[in-house]
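Trainee: Give me coordinates for this.
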Amino acid sequence: MALKNSATGEIRHSYSIEELKDAAKMMRGYDLVALNAAGSGHAGGTLSIMDITAALYLRVANHDPLNPDWQDRDRIIWSTGHKAPSLYLGLAFAGFHPLEDVVLLRKLGSPYQGHPHWLKLAGVEVSTGSLGQGLSLAVGVALAGRLNGRSYRTFCIMGDGEQQEGQIWEAAMEASHYGLDNLVGIVDCNRLQIDGPVAEVMNVEPLKEKYRGFGWDVRRIDGHNMEQVVEALEAAKPGNGKPIVLLADTVKGKGVSFMEDVAGWHGKVPSREEMIKGLNELGVADRIPVTQLLETAQNYQCAIDRKLQSKMPEFNHDYWWNRALNMKVKMEPTRKGFGQALAECGDDERVVCLGLDISGSITISDFYASKPERKKRWLSMGIAEQSATSVAAGLAKEGKLPVFGTYATFAAARNLDQIRTSICYGEFNVMIAGAHGGVSVGPDGATHQALEDLFAMCGLPNMSVVVPCDAVETRKATRFLLLEHKGPKYIRFAREATPVVTDDKTPFVFGKANVIRLRQPGESFANSFETLLESKYENEGEDLTIVACGPMVPEAMRAAWILKREFGYETRVLNLHTLKPIDEAAIVWAAKQTGVILTAEEHQIGALAWRVSNVITSSPVLYGQPVITGAIGVKDRFGDSGAPWELIKEFEVSAEHIAHKAVELVDVKKNYHSIVSDPHQLTGAYR
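Mentor: Numbering: from 1, shown residues only. From the prediction side, this is the model:
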């Protein structure tokens, strides 16, 4: 079967076992090159699944590379979406796409996204990335096949750590209930996840007994024995009225000695030297055109760089971070402040931290890293956001101060009902960390980029929301929220290194905005500004106000520099670190005193902009007074794979874009009286 001509029914190519073994080896080699070219990705799991990939795409599954939408094709769903390079290589080796294009992995505008996007690449069945959802998708696809009278099989590839997600077991129950014997689950049992061995993080075994208890036909195989893999896949056919699951025992990082069985290689990619070593160990170094492939990737990147530059507003000078001779700034990930605060506050016996499998990355594990005696108050919950949320509520009910966090899109969306009902409704004292907010996860792509989380969190009654601007402010905010604030709270911070623009002396008062003013550009960017509590600030008659939160605060400050140097405009920057409760007085007086309010957020436009606009439109102080408003943020779109700073340009949320918009708004302010007397002067942009 497999690789069929859908028009004639003929087999395009029949792979022998030896050919499949060789193909798997070559796929692993191309995988190393693609990951090296991308500079990010997941080496361990892509290597562990490759034998199954080769068997499925080249021999077992019925599909036609020249007719990807053939109605009778078998469907292959990658629930474990971070192993996307394996999927792309399976498609490429099967003839769906040019093999050399796989080195465009994770690059901006490339269809080879960090996690699969079915609308961008033929042969990809569904978009995945948030673990645990693929099996439910597969149940739906298999049910549709039955309803439509189609004979295709649906394969669903999962990880063993992924079995910690509760949705997996809902889908397992459904598949059995409906007798979906046209559904084949494949679990890549490589025994490791980000936080360590699956058995230690949150044990999922015995999987055989569990799936059998849910009514599945269960078969355990050696996932690296090609004969066993092919035999099991070919035998997994409809007939006994039960869904089938293959538990494939594999080795994470298979084929590369220094990667094998090492948890640290989950989300790591090889350097040039490590790539070459790996290719030699695989025995494919002389068969893969490494130099040519890397040149293809580099040429693509150069074209992207030119395209991004063309989108940037132009000024007389280059103001990008640390390019000028002066105005230098230190860069540090805001997440570090979160970990520092937990380390400082962790001696309080009430504090309990819950790990959700990216603990080191979001720095929540700093809570116990240097003080192992705190480990008893560290609860590893695995990949299970919904349950962990309600567990945290239970801890809080009994007087603990629970903290949990993960990628912001998983911390605030997947478990939204649990946050609403278990935490907010009961007003429980739970701290939620939305880590890697905005576009800072970059190449992971849209499924991992939180651009909507603040809508949900700000919309929940009893929830407080803080979005600190840098690592120092994150440390202060975390400490306050954890030990002094009572009630549900959400703190959102970035992964990427961003400018540090505050210090220990900079004021931070929950619920109160800071005013930041450019004083005198000098050697240090941060020292060129003065920061005061808004309540202590005296009006200086600025031309406009930029209201920002999070990493957009440094961008707003840089925009103020541009506006001062290029146009002579004075800018009041409001750091609205507390988004809820919002500092209404600071916004109202800024609007009254400057007449121009421009919001800047690394989020879909509205989490900040709409809240600020509501304050302006509902304030009696501003009735009858013209206030010109504008907004910088993501414009109703999903994210994309690309480097974080590339995405800042792509989404048009840089200081240059803020300054460009500010000039437009100030021009409207200047021309207001003539526009009011003659509305025909109003351009299309403002009508």
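
Trainee: okay, CA-based contacts and neighbour counts for the rest of this
Mentor: Fine.

Trainee: ok, for D51, nearest residue in space, not its chain neighbours?
Mentor: For D51, ignoring the flanking residues on the chain, the nearest one in space by Cα to Cα, 6 or more residues apart in numbering is A24 at 5.3 Å.

Trainee: and the one you found, how far is that from T421?
Mentor: Distance from A24 to T421, counting by Cα to Cα, to the nearest Å: 48 Å.

Trainee: More neighbours: those two, which one.
Mentor: Shown here are A24 and T421; by other Cα atoms under 10 Å, A24 has more neighbours (26 against 14).

Trainee: The spatially most central residue of the chain and V466, how far apart?
Mentor: Most central in the chain under Cα atoms, centre = their mean is H448, positioned 2.2 Å from the mean C-alpha point. Noted for H448: a distance of 20 Å to V466, by Cα to Cα.

Trainee: Around the nearest residue in space to S464 that is not next to it in sequence, count how many other residues there are.
Mentor: Closest residue in space to S464, ignoring its immediate chain neighbours: K489 at 4.6 Å, by Cα to Cα, 6+ apart. For K489, the count of nearby residues is 26 (other Cα under 10 Å).

Trainee: For K489, grab phi and psi.
Mentor: Here is the backbone geometry of K489 (degrees, to the nearest 10): phi -150, psi 140.

Trainee: can you check A388 too?
Mentor: According to degrees, to the nearest 10, A388 has phi -60, psi -40.

Trainee: Repeat that for M158.
Mentor: The phi/psi pair for M158 (degrees, to the nearest 10) reads phi -130, psi 170.

Trainee: how many neighbours does it have?
Mentor: Using other Cα under 10 Å, M158 has 27 neighbouring residues.

Trainee: repeat for the one 4 residues further on
Mentor: Residues contacting E162 under the criterion other Cα under 10 Å number 25.

Trainee: State the pLDDT value of it.
Mentor: On pLDDT, E162 comes in at 98.

Trainee: Is it located within a helix, as I assumed?
Mentor: Yes. Assignment of E162 by DSSP: H, G, I helix; E, B strand; the rest coil places it within a helix.

Trainee: Pull up the gap between it and P626, please.
Mentor: 54 Å.

Trainee: Identify the residue nearest G215 in space, chain neighbours excluded?
Mentor: Using Cα to Cα, 6+ apart, the nearest residue to G215 is S176, at 5.4 Å.

Trainee: In three-state terms, label that neighbour for me.
Mentor: Following three-state DSSP, S176 is assigned to helix.

Trainee: Who are the contact partners of the nearest residue to I516 once chain neighbours are set aside?
Mentor: Spatial nearest neighbour of I516, excluding adjacent residues (Cα to Cα, 6+ apart): T531 at 4.5 Å. Counting by Cα atoms under 8 Å, 6 or more residues apart in numbering, T531 touches 506-507, 514-517.

Trainee: So how do I select the buried members of those in PyMOL?
Mentor: Applying 16 or more other Cα atoms under 10 Å to these leaves a buried subset, and the PyMOL line that selects it is:
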select buried, resi 507+514+515+516+517
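
Trainee: and which of the contacts of T531 is nearest to W645?
Mentor: The nearest member of those to W645, counting by Cα to Cα, is I516 at 23.6 Å.

Trainee: Quick check: that closest one is in a strand.
Mentor: Yes. Checked against three-state DSSP, I516 lies within a strand.

Trainee: Wait, it touches F529, no?
Mentor: Yes. Using Cα atoms under 8 Å, I516 is in contact with F529, at 6.5 Å.

Trainee: low-scoring stretches of the stretch 51-200 of the chain, by residue?
Mentor: For the stretch 51-200 of the chain, applying pLDDT under 70 flags no range at all.

Trainee: which other helices and strands contact the longest strand along the chain?
Mentor: When the chain is parsed with DSSP state E, its longest strand is strand 596-604. For strand 596-604, the packing partners by 3 or more Cα pairs under 8 Å, 6 or more residues apart in numbering; DSSP states H and E come out as strand 544-548, helix 552-567, helix 609-618, strand 628-634, helix 655-670.

Trainee: Give me the buried positions along the third one.
Mentor: Spelled out, it's helix 609-618. Of all the residues in helix 609-618, those buried under the rule 16+ other Cα under 10 Å are 609, 612-613, 615-616.

Trainee: ok, now the last one?
Mentor: In terms of neighbour count (16+ other Cα under 10 Å), helix 655-670 has its buried residues at 655-662, 665-666, 668-669.

Trainee: could I get those residues as JSON lines with pLDDT?
Mentor: Below are the buried residues of helix 655-670 laid out as JSON lines (pLDDT from 0 to 100):
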{"residue": "A655", "pLDDT": "98"}
{"residue": "E656", "pLDDT": "98"}
{"residue": "H657", "pLDDT": "98"}
{"residue": "I658", "pLDDT": "98"}
{"residue": "A659", "pLDDT": "98"}
{"residue": "H660", "pLDDT": "98"}
{"residue": "K661", "pLDDT": "98"}
{"residue": "A662", "pLDDT": "98"}
{"residue": "L665", "pLDDT": "98"}
{"residue": "V666", "pLDDT": "98"}
{"residue": "V668", "pLDDT": "96"}
{"residue": "K669", "pLDDT": "95"}
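
Trainee: Specify which member of those is nearest to L66.
Mentor: For those, the minimum distance to L66 (Cα to Cα) is 43.2 Å, reached by H657.

Trainee: Isn't that closest one up against M312?
Mentor: Yes. Here H657 lies in contact with M312, judged by Cα under 8 Å, at a distance of 7.1 Å.

Trainee: In a strand, R572, correct?
Mentor: Yes. Assigned with three-state DSSP, R572 falls within a strand.

Trainee: burial of it, as a residue count?
Mentor: If we define neighbours as other Cα under 10 Å, then R572 has 25 of them.

Trainee: Next: the one 10 residues further on.
Mentor: For I582, the tally of surrounding residues (other Cα under 10 Å) stands at 22.

Trainee: CA atoms of stretch 351-369 as PDB?
Mentor: What follows is stretch 351-369, C-alpha atoms only, in PDB (Å, rounded to 0.1, in the frame of the first residue of the first chain):
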ATOM      1  CA  VAL A 351       4.100  28.900  49.500                       C
ATOM      2  CA  VAL A 352       3.600  25.900  47.300                       C
ATOM      3  CA  CYS A 353       4.800  25.800  43.700                       C
ATOM      4  CA  LEU A 354       3.200  23.600  41.000                       C
ATOM      5  CA  GLY A 355       5.300  22.500  38.000                       C
ATOM      6  CA  LEU A 356       3.700  22.000  34.600                       C
ATOM      7  CA  ASP A 357       6.700  20.600  32.700                       C
ATOM      8  CA  ILE A 358       8.500  23.800  31.500                       C
ATOM      9  CA  SER A 359       9.600  24.600  35.000                       C
ATOM     10  CA  GLY A 360      13.200  25.500  34.300                       C
ATOM     11  CA  SER A 361      12.200  27.600  31.300                       C
ATOM     12  CA  ILE A 362       9.800  29.800  33.200                       C
ATOM     13  CA  THR A 363      12.100  29.800  36.200                       C
ATOM     14  CA  ILE A 364       9.400  28.500  38.700                       C
ATOM     15  CA  SER A 365      11.800  25.800  39.800                       C
ATOM     16  CA  ASP A 366      14.100  28.500  41.200                       C
ATOM     17  CA  PHE A 367      11.800  28.200  44.200                       C
ATOM     18  CA  TYR A 368      13.700  25.100  45.400                       C
ATOM     19  CA  ALA A 369      16.800  25.100  43.100                       C
END
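
Trainee: From T154, how far out is D217?
Mentor: Distance, D217 to T154, by Cα to Cα: 15 Å.

Trainee: Could you do A609 as well?
Mentor: Taking Cα to Cα, one finds A609 at 44 Å from T154.

Trainee: What of A600?
Mentor: For A600, the distance to T154 (Cα to Cα) stands at 45 Å.

Trainee: more crowded one of these two?
Mentor: Ranked by neighbour count (other Cα under 10 Å), A600 and T154 place A600 first, with 30 against 25.

Trainee: tell me the pLDDT at the more buried one?
Mentor: Looking at A600, its pLDDT reads 98.

Trainee: residues in contact with it?
Mentor: Residues near A600 by Cα under 8 Å, 6+ apart: 546-549, 552-553, 556, 608-609, 631-633, 653, 658.
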